[in-house]
Each structure stands twice: as structure tokens, then as C-alpha cells.
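>>> Quick check, what structure comes out for this input:
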Amino acid sequence: MSWTRTIGYLGAVFCLFCSTSIWAQSADPHAAHKAAMSKPHYTVKTANYDIPDVQLIDADGEVVALRELLESEHPVALNFVFTTCTTICPVMTVTFAQMQRTLGDAAKDLQLVSVSIDPEYDRPDVLKAYAQQFQAEENWTFLTGDSNDIVNVLRSFDSYAGSKMNHQPSTFLHNPASKGWIRIDGLANGASLAQEVTNRLLL
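Next up, the predicted model:
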């Protein structure tokens, strides 16, 4: 075999290996979530969001006006999850639970809100079981609703990724004394998130 043919053959093998690796990564539905979990740090910034005037449904099947809930006199911590997620969502949910325990009595003044990005599956009964699984306190509200309304909410918080499998871990904090929001991108642990809440929401 000539060098030209040998090089051509090796090149073809290399291209096949690369394409196979890329296919393997794209075939993993949790690839985006795993990539997010591999990042050791989180970032914090301030942003303004226009909360859509939509009505969602909580784990008890009650209608909730989202804008009214998020713009109340209580400080708010908000995230987006879905119950069948096996990567970042349970981590984010555990982090909220850890944050509540770390804050102790101060957490009673904090309104926790988790909005499902899989409203077709995450109906109220599913959310209720999920909340019980993570021992959510009374001031932790789990919401679902119409798919179009959920997409509207995601877009309003600059968190729409086109697919639930591509969504990124973000937490949003709101101080009722401020118009803006604090956006935390990445997987902060419970202690770090509690500290951010204490420092930025003045609990």
C-alpha cells in the first residue's frame, strides 16, 4: 500500500471515529445536563424580567396568578425543573430543600417557587408527590399549567432552551424592595445558595 493510500485510509478511519463520537454524544439525551453538572462554579448577575400575566396550577390543583405570586411582598427564589429529570433537576430540588434547612426560621419569609417545564406530564398530582418526596415546606410552591404559558414564562426569564433536555440550571432571586432579579447560573450548593439569599434578599 502506498503512502498516499495509507494516509487516505487513516484519514477515513479518523473521520469515522469522529463522526461516531459525535453521534454518541448527540444520542445521549442528558448530554446538555451532564455538561452543566461538570461546571464547578456558578455566576451571579442582575437582570430585569417582565413576568407574564398567566395563570398556572399548583400541586393542589389551585389556580395561581404567577405575576401576583412573584411580585408579592415576600422575597422569592424561583427555579425551573421537571420531575422525570434524573440529572440537574433533582440536584436543584435538593439544593432548595437544603437551603430551606440552612436558613431555618428565616426561610419562613422566603417564597420558593418551582415551575415545571414538562407540563404535559407534571400534572398537579405528580407535582404533589414530587414535593412530598423532597419534604417541601408550605412556602414552597410547585407549578404547572398550559404548555404555551410555560414557554411564555421560560422566555420571559431568558430560560427557554427549545427542549426540556437542553435546559440549564438557573435560580432567580427577587427582593420585593427591588424591581430587578438576581440570576444565578450554575449548580450552587445549598449552603452557597442560602448565603446568596441571605446577602441579596436581606433575610
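
>>> Can I get the helix or strand hosting Glu68 in PDB, CA atoms only?
Secondary structure assignment for Glu68, by DSSP states H and E: helix 66-70. Only the C-alpha atoms of helix 66-70 are listed here, as PDB (Å, rounded to 0.1, in the frame of the first residue of the first chain):
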ATOM      1  CA  LEU A  66     -47.900  34.000  38.500                       C
ATOM      2  CA  ARG A  67     -47.300  37.700  38.400                       C
ATOM      3  CA  GLU A  68     -49.100  38.200  41.700                       C
ATOM      4  CA  LEU A  69     -47.200  35.400  43.300                       C
ATOM      5  CA  LEU A  70     -43.800  36.600  42.200                       C
END
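
>>> all helices for the chain, in order.
Assigned by DSSP state H, the helices in the chain fall at 3-27, 31-37, 66-70, 88-103, 124-133, 147-156, 190-201.

>>> show me what contacts the spatially most central residue of the chain?
Closest residue to the average C-alpha location of the chain: Phe80 at 3.6 Å, with C-alpha atoms, centre = their mean. By C-beta atoms under 8 Å, 6 or more residues apart in numbering, Phe80 lies in contact with Ser114, Val115, Ser116, Ile117, Leu154, Phe157, Ser159, His167, Ser170. From N, CA and C alone the C-beta is placed, and that goes for glycine too.

>>> 7 Å - rerun?
Contact analysis of Phe80 by C-beta atoms under 7 Å, 6 or more residues apart in numbering lists Val115, Ile117, Leu154, Ser159, His167.

>>> And it, how close does it get to Pro90?
With distances taken as C-beta to C-beta, to the nearest Å, Phe80 is found 14 Å from Pro90.

>>> Same check on Tyr121?
Using C-beta to C-beta, Tyr121 is found at 15 Å from Pro90.

>>> So between those two, which is more surrounded?
Between Tyr121 and Pro90, counted using other C-beta atoms under 10 Å, the more crowded position is Pro90 (15 against 12).

>>> can you list the domains in this structure?
Structurally, the chain divides into domains by automatic domain parsing as follows: 1-30, 39-201.

>>> okay, the ones you listed in JSON lines with mean pLDDT next?
Below are these laid out as JSON lines (pLDDT from 0 to 100):
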{"stretch": "domain 1-30", "mean pLDDT": "40"}
{"stretch": "domain 39-201", "mean pLDDT": "94"}
